[in-house]
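In: generate a structure from the sequence data that follows.
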Amino acid sequence: MSSCKRLLYLAKHRSLWTQVRRNVTTWSPVGAAFNTKPHRRLELLEKNKGLFGVPELNCPAGFQVATEAALKNTKLLVERACSHAPGVETVAAFDQLSDGLCKVADLADFVKVAHPDPAFREAAERTCVEIGTVVEKLNTNVKLCKSLKNLLDNPDVVAQLDPDSRRVAELFMFDFEISGIHLDEKLRKQAVALHVKLLDLNNEFLVGSHMSNRIARSAIPEHLHLHFASEGSFIQVGGLHADSPDDLVREIAYRIYLYPNADLMECLDELLKCRYKLAKLVGYESYGHRALKGTMAKTPETVMSFLQLLTDKLSDRTAKDFKMMGDMKKRLNPRNAELMPWDHPFLSGVLRAERYNIEPSLYTPYLSLGACMEGLNNLFSQLYGVSLMSEHPNAGEVWSEDVRKLAVVHETEGLLGYIYCDFFHRTDKPHQDCHFTIRGGRWCQETGQYQLPVVVLMLSLPHPTKRAPTLLTPGMMENLFHEMGHAMHSMLGRTHYQHVTGTRCATDFAEVPSILMEYFATDYRVISQFARHYETGQPLPQSMVARLRESKKVCGAADTQLQIFYAVLDQIYHDTPQNRSTTEILEEMQQKFYGLPYTPNTAWQLRFSHLIGYGAKYYSYLMSRAVASMVWKQCFVQDPLNREMGERYRREMLAHGGAKEPMLMVEGMLQRRPTMEDFVDALVSELNPDFETFIMDSES
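Out: All right, here's what the predicted structure looks like:
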């Protein structure tokens, strides 16, 4: 952005910042925007610009208008894609076709879960179904596939494609293949039928996995009734109550909430069978092999090798962690001292708090939401030359007055995109932290301009009060940094095609940028720039940051081993079918890869909702954490605010989205190709007590 344009941009937003500064004089503009309630302009006379500035979406009926327009345009683009001579124009046409549908479907996918108005949610849901049906038909459109196949089967044409265009063409072809496009008509119909059936089974399992279980009130000691919801003569148990200090409450919740549901068990069995049938039908050895194509791991065998090696290297530490927990349980409850699965989350927390005094209330006054946003702004400015600038949304642009809109502006490149921050608790809003892509970035040949990415970050933070701004616990602060890592992945990419924009990449790479942000969130050199008491202005003491960081290592091996168990279970379920129940598999894997005893008449797998979204890829979090750890230690631990390293990180990893093989991006950043052993060693080394302690020594 030229100096003149940047001054004009700043002048445009000065009115908001001046108004904020009258109320809060100690925060930067972006910090003030999040530490004060938004000043809404009188919108009675303003024209409703529609959700996200999409004019049609100024009312629920607008979804049908937007859907019809997208589908009409789809027909034209299909004809264009089929009529192009093989070449880069074919890839561009496919991407434009995908973009037209995604811009409506992705937006609707967010609105159906987040909008407070049921009419908007229902309209968005109908749009998702309608466009989803069209996508399924396109994935089995023989003529459309043939135009792409003609390109990829012509060596001379492929040789003329740039690497990004070739990869995107191959990814589109992969979408055709996993839908059974290469099969004869009869088998292709079977594949479509399996796809449709899986959509229903996935939804049924997701809904069922979050439903409460109930038991007669008389079956539970009366003095414990107050811990659970009541329904007439029944007690409702809607979760594991893992943080309860009462052993019996945790045990009751575990046994009842995980009690097997026959219908849901049948649903899971059928779901896994359908996934296997579909994978075999389209030419894969198992669903796991189908799911892992294009990831860093590539095959189930590699994943299992990674998980087994990690288990072996952690075994001694895991045993020590369980012994520590067992000793703590003996102290707290000598009469019932056996360590059980329902004890792990609670006792590990007790041990952390006892050893490092990390009571969250000690930290929250230093971590106001505005301070944390100011810290993120400072970090991005120093690493990438990027600023977060608060904007007033237009009338009808946001779905709640709590939503803040941020423009992401680069010091030389100008406006990179927009982040909508839906951070505060709201009735009927999902209680999960997540990142939604509303519009992907892409170069638009039709306009000669870059289509700017738009994302939403959703958190569930407490509202500010008259006496205090929103105050975050350390965990909330880390989650904010984590989700902002996803957002900046979307913002800093400049991919030619939206099909591979930002977080649209391999699952085991997609979490790397967000997990890396967690390291910045616990480094004192970063925290000291923003964490200060919202009343006194005093900085967060360095000793408190050190205690917080070190506390994460307490029971870290046992926590990691639990995640390994979940990842192994996910792999086994998506391998070749076995002649035994999912519960029998769980019992065996729990003994082999976790260590705490299986509890009879429980079926934890029925609460494993990640089987839907992460089917055969739950290991991704562990592998992404390993990569993030390696990048942090090699590239940022010496100086987390190093601009040269920030630029390299953007250039080698963030810029490409999914347009480059994930392992090649890791190799480019680390200047070497890591092995599975390297990944394992990175995770194990994180548990060492002296990890990063030289930083404290150098500053003491």
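In: okay, and the closest residue to Ser390 other than its chain neighbours sits in which element?
Out: Distances taken as CB to CB, 6 or more residues apart in numbering put Ala33 closest to Ser390, at 3.8 Å, once the chain neighbours are dropped. C-betas here are computed from N, CA, C, even on glycine. Ala33 is located in helix 29-35, with elements delineated by DSSP states H and E.
In: again, but for Gly658
Out: Judged by DSSP H and E, Gly658 forms part of no helix or strand.
In: backbone dihedrals for it, please?
Out: phi -110, psi 20 (degrees, to the nearest 10).
In: what's the burial count for Pro55?
Out: Pro55: 14 surrounding residues under other CB atoms under 10 Å.
In: test my guess that it contacts Lys47.
Out: No. When contacts are counted by CB atoms under 8 Å, Pro55 is not listed as touching Lys47 (9.2 Å).
In: what count of nearby residues applies to the spatially closest residue to Pro221 that is not a sequence neighbour?
Out: Among residues not flanking Pro221 along the chain, Leu248 sits closest, at 7.4 Å (CB to CB, 6+ apart). Neighbour count of Leu248, defined by other CB under 10 Å: 16.
In: what pLDDT does Leu248 get?
Out: At Leu248, the pLDDT value in this model is 94.
In: report the central residue of this structure.
Out: Cys434 (5.4 Å; CA atoms, centre = their mean).
In: how near is the closest residue to it other than its chain neighbours to Ile612?
Out: What sits nearest to Cys434 in space, not counting adjacent residues and going by CB to CB, 6+ apart, is Met458, at 5.2 Å. Applying CB to CB, to the nearest Å, the value for Met458 to Ile612 is 19 Å.
In: looking at those two, which is more packed in?
Out: Met458 (22 against 15).
In: pretty sure the more buried one sits in a strand.
Out: Yes. Counting by DSSP: H, G, I helix; E, B strand; the rest coil, Met458 is located in a strand.
In: which stretches of the stretch 401-550 of the chain form strands?
Out: 404-410, 414-424, 434-439, 442-444, 449-451, 454-461 (DSSP state E, counting those that start in this stretch).
In: make TSV out of the ones you listed and add distance to Ile181.
Out: Shown next, in TSV, are the strands of the stretch 401-550 of the chain (distance: least, CB to CB, whole Å):
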stretch	distance to Ile181
strand 404-410	38
strand 414-424	34
strand 434-439	26
strand 442-444	24
strand 449-451	28
strand 454-461	31
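In: any chance of these in CSV, with distance to Asn357 and mean pLDDT too?
Out: What follows is the strands of the stretch 401-550 of the chain, written out as CSV (distance: least, CB to CB, whole Å; pLDDT from 0 to 100):
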stretch, distance to Asn357, mean pLDDT
strand 404-410, 34, 97
strand 414-424, 28, 97
strand 434-439, 32, 95
strand 442-444, 50, 93
strand 449-451, 50, 94
strand 454-461, 24, 96
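In: among those, which is nearest Leu138?
Out: Ranking these by proximity to Leu138 (CB to CB) places strand 442-444 first, at 18.3 Å.
In: what's the closest one packed up against?
Out: Judged by 3 or more CB pairs under 8 Å, 6 or more residues apart in numbering; DSSP states H and E, strand 442-444 is in contact with strand 449-451.
In: buried sites along the strand it packs on?
Out: Tyr450, Gln451 (16 or more other CB atoms under 10 Å).
In: same for it, what does it pack against?
Out: strand 442-444.
In: in its sheet, what does the strand it packs on sit against?
Out: strand 449-451 (antiparallel) (DSSP bridges).
In: and for Pro86, nearest residue in space, chain neighbours not counted?
Out: Leu151 (4.0 Å).
In: ok, the one you found touching Val158?
Out: Yes. In this structure Leu151 lies within contact range of Val158 using CB under 8 Å: 7.1 Å.
In: who has more neighbours, the two?
Out: Leu151 (25 against 16).
In: lowest-scoring secondary structure element of the chain by mean pLDDT?
Out: helix 14-23 (a mean of 34; mean pLDDT, DSSP states H and E).
In: Asp175 versus Ala193, what's the distance?
Out: 18 Å.
In: and these two? which has more neighbours close in?
Out: More crowded of Ala193 and Asp175, by other CB under 10 Å: Asp175, with 17 against 12.
In: buried ones in the host helix or strand of that one?
Out: If you go by DSSP H and E, Asp175 is part of helix 163-178. Of the residues in helix 163-178, 164-169, 171-173, 175-178 count as buried by neighbour count, 16+ other CB under 10 Å.
In: and stretch 51-61, by the same measure?
Out: Those buried within stretch 51-61 under the rule 16+ other CB under 10 Å are Leu51, Phe52, Val54, Glu56, Leu57, Asn58, Cys59, Pro60.
In: same check on stretch 448-464?
Out: 450-462, 464.
In: can you list those residues in CSV and add distance to Leu199?
Out: Shown next, in CSV, are those (distance: CB to CB, whole Å):
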residue, distance to Leu199
Tyr450, 34
Gln451, 29
Leu452, 32
Pro453, 27
Val454, 27
Val455, 25
Val456, 24
Leu457, 27
Met458, 24
Leu459, 29
Ser460, 28
Leu461, 33
Pro462, 36
Pro464, 41
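In: tell me which two of these sit farthest apart.
Out: That would be Tyr450 and Pro462, which, of the buried residues of stretch 448-464, are the farthest apart (CB to CB) at 37.5 Å.
In: give me the element the nearest residue to Ile612 once chain neighbours are set aside is part of.
Out: Excluding the flanking residues, the one nearest Ile612 by CB to CB, 6+ apart is Asn202, at 5.0 Å. Take DSSP H and E as the rule and Asn202 turns out to sit in helix 185-209.
In: do Val398 as well
Out: Val398 belongs to no helix or strand, assigned by DSSP H and E.
In: ranges for the helices of the stretch 251-400 of the chain?
Out: For the stretch 251-400 of the chain, the helices defined by DSSP state H, counting those that start in this stretch occupy 262-281, 287-292, 300-332, 344-356, 360-363, 369-384.
In: against Gln64, how distant is Ala70?
Out: Applying CB to CB to Ala70 and Gln64 gives a distance of 11 Å.
In: again with Asn378
Out: On the measure of CB to CB, Asn378 and Gln64 end up 44 Å apart.
In: repeat that for Lys280.
Out: 39 Å.
In: now do Ser209
Out: In terms of CB to CB, Ser209 sits 31 Å off from Gln64.
In: buried residues, stretch 190-209. List them.
Out: Buried-residue list, stretch 190-209, by 16+ other CB under 10 Å: Ala191, Val192, Leu194, His195, Leu198, Leu201, Asn202, Glu204, Phe205, Gly208, Ser209.
In: follow-up on the earlier one: pLDDT and distance to Met491 for the buried residues of helix 163-178 - can I get that in a markdown table?
Out: As requested, the buried residues of helix 163-178 are exported to a markdown table (pLDDT from 0 to 100; distance: CB to CB, whole Å):
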| residue | pLDDT | distance to Met491 |
| --- | --- | --- |
| Asp164 | 94 | 19 |
| Ser165 | 94 | 23 |
| Arg166 | 95 | 26 |
| Arg167 | 95 | 21 |
| Val168 | 95 | 20 |
| Ala169 | 95 | 26 |
| Leu171 | 93 | 22 |
| Phe172 | 93 | 25 |
| Met173 | 92 | 29 |
| Asp175 | 89 | 26 |
| Phe176 | 89 | 30 |
| Glu177 | 87 | 32 |
| Ile178 | 83 | 30 |
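In: can I get the helices of the stretch 251-400 of the chain in a markdown table including mean pLDDT and distance to Thr582?
Out: Output for the helices of the stretch 251-400 of the chain, formatted as a markdown table (pLDDT from 0 to 100; distance: least, CB to CB, whole Å):
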| stretch | mean pLDDT | distance to Thr582 |
| --- | --- | --- |
| helix 262-281 | 96 | 6 |
| helix 287-292 | 96 | 14 |
| helix 300-332 | 96 | 17 |
| helix 344-356 | 93 | 22 |
| helix 360-363 | 92 | 37 |
| helix 369-384 | 97 | 41 |
